[in-house]
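Enquirer: could you work out the structure for the sequence below:
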Amino acid sequence: MIESGARRREIDEAASELFHAHGYAATSVRDIARALDIQGASLYAHVASKEDVLWSIVDGAATAFEIKADEAESETAASDPVERLAALVEAHVDVVTADPERASVFVTEWRHLSGDRRAAIATRRDAYEARFRAVIEDGTAVGAFRATDSALAATFILTALNGIATWYRPDGRLSADRIADHYVDLALRSLSEDHR
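Expert: Okay, the predicted model is just below:
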């Protein structure tokens, strides 16, 4: 029943745009079909349900974040928490700016998943956040970062990074690389300076 390939990617792309613009709950199967210029009933030849479309988008985005973070961590010096955090921030910005709609859906709409799917994404999100907590704790332990609550600091950084999906435009004032540079600087300074 569910088809892979080009049509399935088109469905996910159209749904990402609609879920980003209007939210999952306010978007109907008919809306997705209309965006693809097909009949609503025809969409079910390609997907089992609207939630299956959301799952595909969210699962794909989670995988993209995980792959980029794995690459970032493997390419940096394991002993340097400053480099590791910078690489994680850059990787996150790369994923968000490569597909802001999909990233936005991942950040805001995953809670509409039910049962095991929701639990699976929650577990993956927690594991991803733990990467940031661990590098912050490592940095604090060696004096690269000032002492702070690592869970709160990780949430602070990830909230700022995830917010990019709400305003980023490929034709905007700053390129994705420049945005990454600024966010790396802001993240490192937020942990390195005493602002009292």
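
Enquirer: middle-most residue in the protein, spatially?
Expert: Against the mean C-alpha coordinate of the chain, by C-alpha atoms, centre = their mean, the closest residue is A103 at 4.4 Å.

Enquirer: contacting residues around Y24?
Expert: By C-beta atoms under 8 Å, 6 or more residues apart in numbering, the residues touching Y24 are 50, 54, 105, 109, 112. Where C-beta positions appear, they are placed from N, C-alpha and C, glycine not excepted.

Enquirer: in those residues, find the pair that's most separated.
Expert: Pairwise distances across the contacts of Y24 peak at 12.4 Å for K50 and V105 (criterion: C-beta to C-beta).

Enquirer: with neighbour numbers in mind, choose between the two.
Expert: Each of K50 and V105 has its neighbours counted (other C-beta atoms under 10 Å); V105 has more, 28 against 20.

Enquirer: I'd say that one and S16 touch.
Expert: Yes - using C-beta atoms under 8 Å, V105 is in contact with S16, at 5.4 Å.

Enquirer: worst-scoring helix or strand of the protein, pLDDT-wise?
Expert: helix 40-43 (a mean of 74; mean pLDDT, DSSP states H and E).

Enquirer: buried ones in it?
Expert: By 16 or more other C-beta atoms under 10 Å, the buried positions in helix 40-43 come out as L43.

Enquirer: and for stretch 176-191?
Expert: Buried residues in stretch 176-191, counted by 16+ other C-beta under 10 Å: 176, 179-181, 183-184, 187-188, 190-191.
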